[in-house]
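> A structural model of the following input is requested.
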Amino acid sequence: MKIILATSMGGLGGTETASLRLGSLLARHGHDVLLAASDGPLVSDAQAAGMRWQNIDFYGGGRTGYLRAALSFARLLRRERPDIVHCQMARIVPACAIAAKICSPRSKVFYHARGLNPETYPKIARLFAKLGVYIIANCRHEQQKLIRHGFPAGRTAFPPDAPPTPTTPCRPPPPFPPKHRAVSSCSAHCRAWTKYAPST
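Predicted coordinates:
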């Protein structure tokens, strides 16, 4: 399949790392992956992993910059006609979804939700439902929250926990230390447990 990963690669955070890992995995499995993102320290790694790169920055230049990026993305879609557009960040979804409807109607647009501010869920659920977007929720709790706010249940799912490898039994993590007990973000919760995951 031809897949466009639309994201920001401007730093070394979780979004950039997740985009690199996802794109690398897809490229290794034979998919044609194009990274539509701003420049950053991991772009050369993405290219070395087999991804093509188009410099599109949705986060620079305020509203004018966003509009410019949306137009560049529309031109990219008209040229590439991808099977899937995978958005790593909520801000870029409207531009990507509208561009897909106009320039590449057969493309399916996905948004990978990783925890939002509580007041954002109703807005996201209503807007993304109207735009025909599919949402990959971070966990069951987040999926149910989106559905409660009106997002169609048939267009959202969440990845199940990875099973332990046959040679490495999964070790249960110890209880969170007191400073982590009030963690509300699924992403922060997962990061806190990462060091206890089995090695591969």
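
> Next SSE downstream of whichever helix or strand Ser72 is part of?
Following DSSP states H and E, one finds Ser72 within helix 62-80. Counting by DSSP H and E, the next helix or strand C-terminal to helix 62-80 is strand 84-87.

> in its sheet, what does that following strand sit against?
Strand pairing for strand 84-87, determined by DSSP bridges: strand 2-6 (parallel), strand 108-112 (parallel).

> residues touching Gln143, list them.
135, 137, 156-158 (C-beta atoms under 8 Å, 6 or more residues apart in numbering). From N, CA and C alone the C-beta is placed, and that goes for glycine too.

> does the closest residue to Gly11 other than its chain neighbours count as helix, strand or coil?
Distances taken as C-beta to C-beta, 6 or more residues apart in numbering put Gly40 closest to Gly11, at 6.2 Å, once the chain neighbours are dropped. Under the three-state scheme (DSSP: H, G, I helix; E, B strand; the rest coil), the conformation of Gly40 reads as coil.

> Begin at 16 from now on, thanks
Sure thing, new numbering starts at 16, so read that last one as Gly55.

> quick one: pLDDT of Leu103?
To be clear, residue 103 is Gln; Leu isn't right here. What the model reports as pLDDT for Gln103 is 88.

> Output the contacting helices and strands for the helix holding Ser87.
strand 17-21, strand 47-52, helix 108-118 (3 or more C-beta pairs under 8 Å, 6 or more residues apart in numbering; DSSP states H and E).

> Pick the most deeply packed of the strands paired with strand 99-102.
strand 17-21 (a mean of 24; mean count of other C-beta atoms under 10 Å).

> neighbouring contacts of that strand?
34, 37-38, 41, 46-52, 66, 71, 73, 88, 91-92, 95-103, 107, 111.

> picking up where we left off before, how about a markdown table for the helices and strands packed on helix 77-95, with mean pLDDT added?
Shown next, in a markdown table, are the helices and strands packed on helix 77-95 (pLDDT from 0 to 100):
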| stretch | mean pLDDT |
| --- | --- |
| strand 17-21 | 95 |
| strand 47-52 | 96 |
| helix 108-118 | 95 |
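
> Kindly reformat the ones you listed as a markdown table containing distance to Gly77.
Conversion of these to a markdown table gives the following (distance: least, C-beta to C-beta, whole Å):
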| stretch | distance to Gly77 |
| --- | --- |
| strand 17-21 | 19 |
| strand 47-52 | 18 |
| helix 108-118 | 14 |
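
> and of the ones you listed, who's closest to Gly28?
The closest of those to Gly28 is strand 47-52. By C-beta to C-beta, the value is 12.8 Å.

> can I get the CA coordinates of the closest one in CSV?
Coordinates of each C-alpha in strand 47-52 appear next as CSV, following Å, rounded to 0.1, in the frame of the first residue of the first chain:
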residue,chain,number,x,y,z
ASP,A,47,5.5,2.7,0.1
VAL,A,48,5.8,5.2,2.9
LEU,A,49,6.0,8.9,2.4
LEU,A,50,6.7,11.1,5.5
ALA,A,51,4.9,14.5,5.1
ALA,A,52,6.4,16.5,7.9
